[in-house]
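Asker: Sequence and computational prediction follow.
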Amino acid sequence: MDKYKLRLKDPSGAEFEAEGPVDFILNEKASFLENIKTRPAAENPSPRVEETGPENPAALSGIDFWSSIIEPGSEPLRLRIKSPEIGATEAALILMAANRAINQNEDLGAMTLSRALKTSGYEPDRLDRMLSKEVKDGKVTASGTKRNRTYHITRKGLEKTYKAINRLHKDSRQ
């Protein structure tokens, strides 16, 4: 008898993991997906700015929250506002957090991040040097080398980024 393993993650945060025979996995997966579909909308509201914060950075995943900060449909992601209070490093962290929330993608390639920073109005010399302190502090993880390098914002990085995101959000309402 073969054993299989399946792991799913819904954008709402619900996760599913099953291991065993194919029939068992398919039945459990169908049950999980049906539960997700029938869940009332009130259980999963999009967060308001007041509900987000350093103690709850996962709440920064609402599209409504990001639409005032990130240009919708832009590829790569682009900040709508270049605030004088936000430096290139903070802008990079915001873009990583936005990529995580909007695209549900944990990793962001160095080339994509560099392009996103430039289209947002920031001109960093070298991304790896600019983010080295953040990597050392555990706010960002980096893997790969040179052009294949990818960055991943950590929970600690999301907590630091919250204040910068809030400043941008306030600037976008003015």
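Answerer: Great, that's in hand.

Asker: Thr145 - how many residues pack around it?
Answerer: Close neighbours of Thr145, defined as other C-beta atoms under 10 Å, add up to 9. In this view, the C-beta of every residue, glycine as well, is placed from N, C-alpha and C.

Asker: Would you check how far apart it and Ala110 are?
Answerer: Per C-beta to C-beta, to the nearest Å, Thr145 is found 10 Å from Ala110.

Asker: same thing with Thr154?
Answerer: Distance of Thr154 to Ala110, given as C-beta to C-beta: 17 Å.

Asker: quick one: secondary structure of the closest residue to Lys82 other than its chain neighbours?
Answerer: Using C-beta to C-beta, 6 or more residues apart in numbering and skipping residues adjacent in sequence, the residue nearest Lys82 is Gly121, 3.9 Å away. Classification of Gly121 by DSSP: H, G, I helix; E, B strand; the rest coil places it in coil.

Asker: Now the residue nearest to the spatial centre of the chain, what are its backbone angles?
Answerer: In the chain, the centroid-proximal residue (C-alpha atoms, centre = their mean) is Arg100; its distance is 1.6 Å. According to degrees, to the nearest 10, the main-chain angles of Arg100 amount to phi -60, psi -40.

Asker: in this protein, which ranges drop under the pLDDT threshold?
Answerer: Along the chain, segments meeting pLDDT under 70 span 1, 39-65, 72, 167-174.

Asker: Look up the residues forming beta bridges with the residue nearest to Thr150 when sequence neighbours are not counted.
Answerer: Nearest residue to Thr150, sequence neighbours excluded (C-beta to C-beta, 6+ apart): Asp107, at 4.3 Å. Using DSSP bridges, the beta-bridge partners of Asp107 come out as His152.

Asker: just checking, Asp107 touches Arg149?
Answerer: No. Taking contacts as C-beta atoms under 8 Å, Asp107 lies outside contact range of Arg149: 10.0 Å.

Asker: Please identify every residue contacting each of the two.
Answerer: Ser143 (C-beta atoms under 8 Å, 6 or more residues apart in numbering).

Asker: the more surrounded of Thr154 and Ala110?
Answerer: Ala110 (20 against 17).

Asker: Could you report the neighbour count for the residue nearest to Lys82?
Answerer: Residues near Gly121, counting by other C-beta under 10 Å, number 13.

Asker: From Thr150, how far off is it?
Answerer: The value you get for Gly121 to Thr150, if C-beta to C-beta is used, is 23 Å.

Asker: go on, Leu108?
Answerer: For Leu108, the distance to Thr150 - C-beta to C-beta - is 6 Å.
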